[in-house]
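dropping a prediction and its sequence here:
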Amino acid sequence: MADNQTLTLPLIITRGMVVFPGNQKLIEAGRSFSINAVVAAKETADSLVFLTCQKGTNIETPTSDDLYQVGTLCRISSTTSRDNSIKVRLEVIERAKFTSITKDETNGYYVAQGEIVPVPPVTSAKTSQGYIDAINTQLENMPSIMTNMPKSLLTLVSKSDNAITLIYALANYLDASLENKQQLLELDNVEALFTSIMLMIKGEETKSQIESSINESVRESTEKSQKE
């Protein structure tokens, strides 16, 4: 995909979900305008579609101001219809910055015009490997997180030679806030991306420690009750 290329495509709008380039994602479209966008993308746009997230999860019919203006270009690889929704498997290709978002009232879906904005490459293979090594070291000290990772991500963590691919894969998996994930998606600086993912990993560690503490308290309370 050429840098700075501008495309006009149907737009899928998610609630509480940010997706990252280089990943595959299964989403469920339930609102009519997102279902119609999926259909239009398959019929008129070679299965290409833009995706962005709305800022508030409770908004039923968002305006352009309710949507993040940086999203992703995706290709629909498969769909499965279910009652009043449709499951969509997406190949997430690249980031996109939207210059306009409008609703096609006639066909019942949103349309976005967006410019493709790839992340700048890491300056050297040595720098990329340095980022990868630092991420691996951090993860190796957090076995509770790695235990729950899918096998495909564990393989990527151990064998990746591309820092950006690894950062985006981890961001796609980690349970960070919507705002933090969106902020990471919008970053154009590789060093800032690395700093952001390290903070996400540490946040995951903190949550894991809290959960362990709660589980220990529950266990102790249960044992005490049984003794009494």
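Ah, there it is. Residues are numbered from 1 along each chain as shown.

how about the residue nearest to residue 32 when sequence neighbours are not counted, phi and psi?
Computed as CB to CB, 6 or more residues apart in numbering, the closest residue to residue 32 that is not its neighbour in sequence is residue 108, at 6.0 Å. In this view, the C-beta of every residue, glycine as well, is placed from N, C-alpha and C. Main-chain torsions, residue 108, degrees, to the nearest 10: phi 80, psi 40.

that's a strand at residue 76, yeah?
Yes. The assignment for residue 76 is a strand, going by DSSP: H, G, I helix; E, B strand; the rest coil.

residues in contact with it?
38, 41-42, 47-49, 88-90 (CB atoms under 8 Å, 6 or more residues apart in numbering).

and the pLDDT at it?
Listed pLDDT for residue 76 reads 97.

what's across from it in the sheet?
Assessed by DSSP bridges, residue 76 has beta-bridge partners residue 90.

what about it, distance to residue 10?
Between residue 76 and residue 10 the computed distance is 10 Å (CB to CB, to the nearest Å).

neighbours of residue 143, just the number please.
By other CB atoms under 10 Å, the residues close to residue 143 number 10.

residues contacting the closest residue to residue 131 other than its chain neighbours?
Spatial nearest neighbour of residue 131, excluding adjacent residues (CB to CB, 6+ apart): residue 163 at 3.9 Å. Going by CB under 8 Å, 6+ apart, residue 163 touches 122, 127-129, 131-132, 135, 190, 194.

and with 6 Å instead?
Residue 163 makes contact with 122, 128, 131-132, according to CB atoms under 6 Å, 6 or more residues apart in numbering.
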